[in-house]
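**Student:** Give me the fold of what follows.
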Amino acid sequence: SKVSLICGGGSGYEPAHGGYVGVGMLSGAVAGGVFASPSSSLVLELILEVTGEAGCLVIVKNYTGDCMNFGIAVEKAKKLGRKVQLVICADDTTLLDHDTLSGARGLCGVLLVQKIAGAFAAQGNTLEAVTHMARMVCQSVGTAGVAVSPCIPPGREPSFTLPPATMEFGIGIHGEPGALRCVSVDCKSTVDKLFSYLCDARGLGLREGDDVAVMVNNLGGTAELEMGVVAGEVLKWLELNHVTCHMIYTGTFMTSLGMHGISITVIRLDKEGTFLEMLKYPTSAPSWKVGCENPRAIQKSEYPSKIPKITYGSGPTNKKYIEILMAIISDLSAKVDELNELDRKVGDGDCGTTLSGLITHLKTQIPTLNCSSFSVFLTQLSDMAENHMGGTSGAIYTIALTAAAARAGLCETGRCETCLRSETSSPRSETGDSVSLHTLTACLDAALIAISRYGKAVEGDCTMLDVLYPVLRTLQVNARADMATLTSLCTAAADSGVTMTATLQPRAGRAAYIRTQNTEQCEDPGAVAVAAWVKAVCRVMYQRGVLG
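**Tutor:** Here you go, the predicted structure:
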């Protein structure tokens, strides 16, 4: 009793078009082989299956094979007495400089044609009215796409090659190369370029003051995280250029197998509001996603932190503390790539990068550090680790430094358990240039207890603890040794601990989930990093003396 709609094409575009069969969209879909048009006989079978007295609208993406095979089927259906109309969607805006008889390609814009025309048909409109509506949408929609890697058809070579750090603008959905190849740029610049195509007067001609709906489409291999970033940049562009977005759809709507890329489709809304009304019309099509109405780009400043900000004020600059930090920064900076490479074997490959976040921030904060006491100094380092490292490493260093700072505070006020058992319980001064060996040892001990409590690892689990515990025991056993001997022994203990991790089976952290053969004879990257800063501390202690 109502107009039927069908669409189709090759396989490889999933969820298009089968995912859009449902009340309020398509009545049926037909698929050929991968990137190959279905035969005219298959299309005709579908037309005959779904067409009733109200007739059928056949929607086609503008590719030669589809136009020919669907066209043949339409003509045969008419000859058999069916009421059938054909609409061709040619929404690509990126190949306008190409003088071809074929015209612009049909891309993701066809889905908006299906949605609006399908909703219009569901309301009982005639075939002529639905066809007119579909053609109006075709004239109002434009698409531009980009990819950073090609798709790989099953059992075949990649559809085209892209050198490293390059991107291809104007790609299609059959895996064909595009209109422009260039050096990879950031997301904002990518979105700017895509909109330059959409603004071209020879295509959609998007301009200031337009009211639009937008579809940000995943071409198959783009992460949800990346899609969110792209959508944010799209909304920022629209706001900056005074284009009002009434609806945005973000997700995987029409793919090119697993191509790592995206497309942006824009439809200029009609003044009567029919397009937007039909977009909102409910559908049972399983792959159609609910859009976000009246979206806007969210600014981080709109949500100020509710966590009270701790200020440490100004204090004396401790040159020895600063020298230790500078040595740690220098030694760890030189190991970032090595740490990442080790972590690729046993984890997720970001150990060095995570540490570099803290290192980069430390460089800018050294002039403002308050060194009035060892506990205040450690507390500031803990805050920096919490806010500028991230991941598991950031949590471990934050826990360790927080516990160490708390223990240092107890030592400074004579309330440490060891202090209370000693001959005098008078406060230990940790101001000026010195910190006592007792305080240093107590702080390291507190840090290791906290790491084990919250991280569950113990010595022997192939973690940073396999470096730190030997160093702690060295400090405890050699409390009366001279500085040269003590720092030499601590350095040796750190090196020995790192070497030991290559023989241990990981039982904690991400490495515990890796196959044994991947971790055999591989030093733990966290332990390597700890050994690097332990040795940096020892070097400065030997050269300048930090203990009191």
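
**Student:** okay, CA-based contacts and neighbour counts for the rest of this
**Tutor:** Fine.

**Student:** Tell me the buried residues in stretch 450-460?
**Tutor:** When burial is assessed from 16 or more other CA atoms under 10 Å, stretch 450-460 yields the following buried residues: 450-451, 457-458, 460.

**Student:** What is the nearest of those residues to A231?
**Tutor:** I451 (39.6 Å; CA to CA).

**Student:** Contacts only, for the closest one.
**Tutor:** Contacts were defined as CA atoms under 8 Å, 6 or more residues apart in numbering; by that measure I451 touches 396, 399-400, 457.

**Student:** and after the least confident helix or strand in the chain by mean pLDDT, which helix or strand comes next?
**Tutor:** When the helices and strands of the chain are compared on mean pLDDT, DSSP states H and E, helix 516-519 comes out lowest with a mean of 49. Sequence order places helix 525-544 as the next helix or strand after helix 516-519, per DSSP states H and E.

**Student:** Can you give the contact residues for that next one?
**Tutor:** 320, 323-324, 327-328, 331-332, 335, 339-340, 342-343, 351, 463-468, 483-484, 487-488, 490-491, 494-495, 497-498, 501, 546-547.

**Student:** can you pull out the helices in the stretch 351-500 of the chain?
**Tutor:** In the stretch 351-500 of the chain, the helices defined using DSSP state H, counting those that start in this stretch lie at 351-365, 374-388, 391-412, 417-421, 437-455, 465-477, 483-501.

**Student:** Would you tell me which one of these is buried the most?
**Tutor:** Neighbour counts (mean count of other CA atoms under 10 Å) averaged over each of the helices of the stretch 351-500 of the chain peak at helix 391-412, with a mean of 23.

**Student:** Any buried residues in stretch 161-172, and which?
**Tutor:** For stretch 161-172, a neighbour-count test (16+ other CA under 10 Å) marks 162, 167-172 as buried.

**Student:** Determine how far that stretch lies from the middle of the whole chain.
**Tutor:** Counting by CA atoms, centre = their mean, to the nearest Å, stretch 161-172 is centred 20 Å from the centre of its parent chain.

**Student:** helix/strand/coil for S263?
**Tutor:** With DSSP: H, G, I helix; E, B strand; the rest coil as the basis, S263 sits in strand.

**Student:** Please tell me how far it sits from C371.
**Tutor:** 53 Å (CA to CA, to the nearest Å).

**Student:** buried stuff in stretch 282-299?
**Tutor:** By neighbour count with 16+ other CA under 10 Å, stretch 282-299 contains the buried residues 283, 285, 287-288, 291, 296.

**Student:** picking up where we left off before, would you format the buried residues of stretch 161-172 as CSV with pLDDT and distance to D92 included?
**Tutor:** Formatted as CSV, the buried residues of stretch 161-172 follow (pLDDT from 0 to 100; distance: CA to CA, whole Å):
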residue, pLDDT, distance to D92
L162, 88, 21
M167, 95, 18
E168, 94, 15
F169, 95, 12
G170, 93, 8
I171, 91, 9
G172, 88, 8
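
**Student:** and which of those residues is nearest to R181?
**Tutor:** Using CA to CA, E168 comes nearest to R181 of the buried residues of stretch 161-172, at 4.5 Å.

**Student:** who's that closest one bridged to?
**Tutor:** In this entry, E168 is beta-bridged to A147, R181, by DSSP bridges.

**Student:** contacting residues around it?
**Tutor:** 146-148, 162, 177-182.

**Student:** can those go into a markdown table with extra columns for distance to L381?
**Tutor:** Below are the contacts of E168 laid out as a markdown table (distance: CA to CA, whole Å):
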| residue | distance to L381 |
| --- | --- |
| V146 | 43 |
| A147 | 42 |
| V148 | 39 |
| L162 | 44 |
| P177 | 50 |
| G178 | 50 |
| A179 | 51 |
| L180 | 48 |
| R181 | 45 |
| C182 | 42 |
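
**Student:** which among these end up buried?
**Tutor:** The neighbour count (16+ other CA under 10 Å) marks 146-148, 162, 177-179, 181 as buried among the contacts of E168.

**Student:** Among those residues, which has the minimum pLDDT value?
**Tutor:** For the buried ones among the contacts of E168, the weakest pLDDT value sits at P177, with 80.

**Student:** Might one say that that residue is in contact with P158?
**Tutor:** No: with contacts counted by CA atoms under 8 Å, P177 stays clear of P158, the gap being 11.0 Å.

**Student:** what's the strand or helix carrying C245 packed up against?
**Tutor:** Using DSSP H and E, the element containing C245 is strand 244-251. Packing contacts for strand 244-251, counted by 3 or more CA pairs under 8 Å, 6 or more residues apart in numbering; DSSP states H and E, involve strand 211-218, helix 224-240, strand 292-293.

**Student:** Deepest in the core, which of these is it.
**Tutor:** Per residue and on average, the most neighbours among the helices and strands packed on strand 244-251 fall to strand 211-218, with a mean of 24 (mean count of other CA under 10 Å).

**Student:** Could you tell me which strands it is paired with, and in which direction each runs?
**Tutor:** Here, using DSSP bridges, strand 211-218 pairs with strand 244-251 (parallel), strand 260-268 (antiparallel).

**Student:** F120: which of those strands is closest?
**Tutor:** Closest of the strands paired with strand 211-218 to F120 is strand 260-268, at 16.6 Å (criterion: CA to CA).

**Student:** chain center to that closest one: distance?
**Tutor:** Remark: strand 260-268 is offset 19 Å from the chain centroid, using CA atoms, centre = their mean.

**Student:** cool, stretch 356-373 as well?
**Tutor:** Offset of stretch 356-373 from its chain centre (CA atoms, centre = their mean): 28 Å.

**Student:** let's have the chain start at 56 instead
**Tutor:** I'll keep to 56 as the first residue from here, and by that count the last item is stretch 411-428.

**Student:** mind saving the C-alpha coords of it as PDB?
**Tutor:** Coordinates of the C-alpha atoms in stretch 411-428 are reproduced here as PDB (Å, rounded to 0.1, in the frame of the first residue of the first chain):
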ATOM      1  CA  SER A 411      58.600  11.800  28.800                       C
ATOM      2  CA  GLY A 412      55.300  13.500  29.700                       C
ATOM      3  CA  LEU A 413      56.600  14.000  33.200                       C
ATOM      4  CA  ILE A 414      60.000  14.900  32.000                       C
ATOM      5  CA  THR A 415      58.700  17.600  29.700                       C
ATOM      6  CA  HIS A 416      56.600  19.200  32.500                       C
ATOM      7  CA  LEU A 417      59.500  19.000  35.000                       C
ATOM      8  CA  LYS A 418      61.700  21.000  32.700                       C
ATOM      9  CA  THR A 419      59.200  23.900  32.800                       C
ATOM     10  CA  GLN A 420      58.600  23.700  36.600                       C
ATOM     11  CA  ILE A 421      62.100  23.400  38.000                       C
ATOM     12  CA  PRO A 422      62.500  27.200  38.500                       C
ATOM     13  CA  THR A 423      59.300  27.300  40.600                       C
ATOM     14  CA  LEU A 424      59.800  24.300  42.800                       C
ATOM     15  CA  ASN A 425      59.500  24.800  46.500                       C
ATOM     16  CA  CYS A 426      62.400  23.100  48.200                       C
ATOM     17  CA  SER A 427      61.700  24.300  51.800                       C
ATOM     18  CA  SER A 428      61.700  20.600  52.900                       C
END
